[in-house]
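S.K.: this is the structure alone, sequence omitted:
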C-alpha cells in the first residue's frame, strides 16, 4: 500500500504491539523488508493512547496533528489470519482504498471524520478501562521479569476488567504459548459468534467492507494436518 | 520501588516508615510520574492542578532527610487509577490528558524506538500526513 500510494506523500508508521519483542517481531519485519518506519511498542502504549482494543488498527493524522479517522480491523487487504489450529478470514481492501483517497484529496475526502463524528466514534474511557490498562501494564512488567505466576494473575485481572479488549486477551494468552493463544482466540470467537451479536471489529463504515465478524474458522490448516487429511482421503 | 507510568519503568527510593501509600521524593516525581510541584500546584506539561489547602501538609512531608509527596492520594483525587503488587506500582493514564486530547481530535503524541534503536516522536512529522498502524505477531 505504502509503495503504491507514494512514499513521498505521507509517512507510514507501523507499530508492533508485542511484549515478546524484539525476537517475535524481528522475523516479521525481515520477511516484509519494509521501506516505511517500523517501531516496537512493547508496553502497548499507543493502543492505550488511541483507545484501540484490537489489532490491526489505524489512524489518519493530518498535517496539523489532528486525528481525522481511527479504525480497528484496518487490514490493508483481505487477510487470512492463522491462529495455531485454524484460520479465519478478515478484512478487505476498503481501508486501503479509503486511505489512498485521503492521501490524494486530504480534507475533501468523504472518508474524513468531522470532530463530532470522531467524538462519537471513539470509545469512552471509564474507570474500569483505566484500571484494566494499569493492570495490563503490571502484567507486562512481570512477564518481562520472568515472573510468570504474577504475570498471569494480572493478565487475568485485566481481561476481567475490560472483557471487550482483545489485546488483553490475546497478549495474555500468548504468555502460555502461541498454540494455546490461537486455540483460545478461536474458542472465544466461536462462542461469541454463537451467543452474541458482537463483532470482532466494529464496522468501519466504508463502502465494500466485509468480514468484520468472526467467520467460521477453518480448522487444522497446518501442513502436518493437511498431509494427514490427504492420507486419510486415499 | 518500581513505578510503571507513561510507558516507562522507573526505580525510585521508598519511604521505609510508610508502605501503604505511594510516597515519592519530590525530586523523583517528574521522572517517575511526569508530574512536578510548582507554586501553582502539581503540573503535567502545561496542565496544573492546585493542591487542596487542607491536604498540603498531609501530602507533603519531611522524612529521612528528604521531602516526600504522597502520590497515591493525589492520584486518587484526580481520578488516576493505579494498581500495585508488592513494590511495583502501575499508574494508569491521567483522565484529563486523555479527555482533552481525544475530544478535540488532537493526536496523542508518543515516543518510541525503531528497529535501529533510534527515537521516533509523532510530533516530528507535523506538516505531513501520517498513517499510524498497529499490528502484532500473535
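M.R.: Received it, and whenever you're ready, just let me know what you need. Just so we're clear, the structure is a prediction, and the values are computed from it rather than from any experiment.

S.K.: in chain B, where is pLDDT below threshold?
M.R.: Applying pLDDT under 70 to chain B flags the ranges B:98-103, B:138.

S.K.: now the strands for it?
M.R.: Per DSSP state E, chain B carries strands over the ranges B:2-5, B:8-11, B:23-25, B:36-38, B:41-44, B:47-49, B:60-63, B:66-70, B:82-85, B:88-91, B:111-114, B:119-121, B:130-135.

S.K.: next: chain A.
M.R.: Remark: strands assigned in chain A by DSSP E are A:11-16, A:37-40, A:57-61, A:67-72, A:79-83, A:86-90, A:218-219.

S.K.: adding distance to residue B:48, mean pLDDT and mean neighbour count, write these out as TSV.
M.R.: For every residue, glycine as well, the C-beta is placed using N, CA and C. Formatted as TSV, the strands of chain A follow (distance: least, C-beta to C-beta, whole Å; pLDDT from 0 to 100; neighbours: other C-beta atoms under 10 Å in any protein chain shown):
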stretch	distance to residue B:48	mean pLDDT	mean neighbour count
strand A:11-16	31	91	22
strand A:37-40	31	86	20
strand A:57-61	27	94	25
strand A:67-72	26	91	24
strand A:79-83	46	77	16
strand A:86-90	45	78	20
strand A:218-219	56	68	12
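
S.K.: count of residues packed around the residue lying closest to residue B:55 once chain neighbours are set aside?
M.R.: Spatial nearest neighbour of residue B:55, excluding adjacent residues (C-beta to C-beta, 6 or more residues apart in numbering or on different chains): residue B:73 at 7.3 Å. Residues near residue B:73, counting by other C-beta atoms under 10 Å in any protein chain shown, number 14.

S.K.: buried sites along stretch A:189-203?
M.R.: For stretch A:189-203, burial by neighbour count (16 or more other C-beta atoms under 10 Å in any protein chain shown) applies to A:189, A:192-193, A:200-201.

S.K.: farthest pair in those?
M.R.: A:193 and A:201 (13.2 Å; C-beta to C-beta).

S.K.: pretty sure the residue nearest to residue B:55 sits against residue B:56.
M.R.: No - if you go by C-beta atoms under 8 Å, residue B:73 and residue B:56 don't touch, sitting 11.3 Å apart.

S.K.: coming back round to it: the buried residues of stretch A:189-203 into TSV, with extra columns for pLDDT?
M.R.: As requested, these are exported to TSV (pLDDT from 0 to 100):
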residue	pLDDT
A:189	82
A:192	84
A:193	81
A:200	78
A:201	82
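
S.K.: for the residues you listed, which one is nearest chain B?
M.R.: Proximity of the buried residues of stretch A:189-203 to chain B, judged by C-beta to the nearest C-beta, is greatest for residue A:201, which lies at 12.9 Å.

S.K.: quick check: closest non-adjacent residue to the closest one.
M.R.: residue A:73 (2.8 Å).

S.K.: got the phi and psi for that neighbour?
M.R.: Here is the backbone geometry of residue A:73 (degrees, to the nearest 10): phi 70, psi 30.
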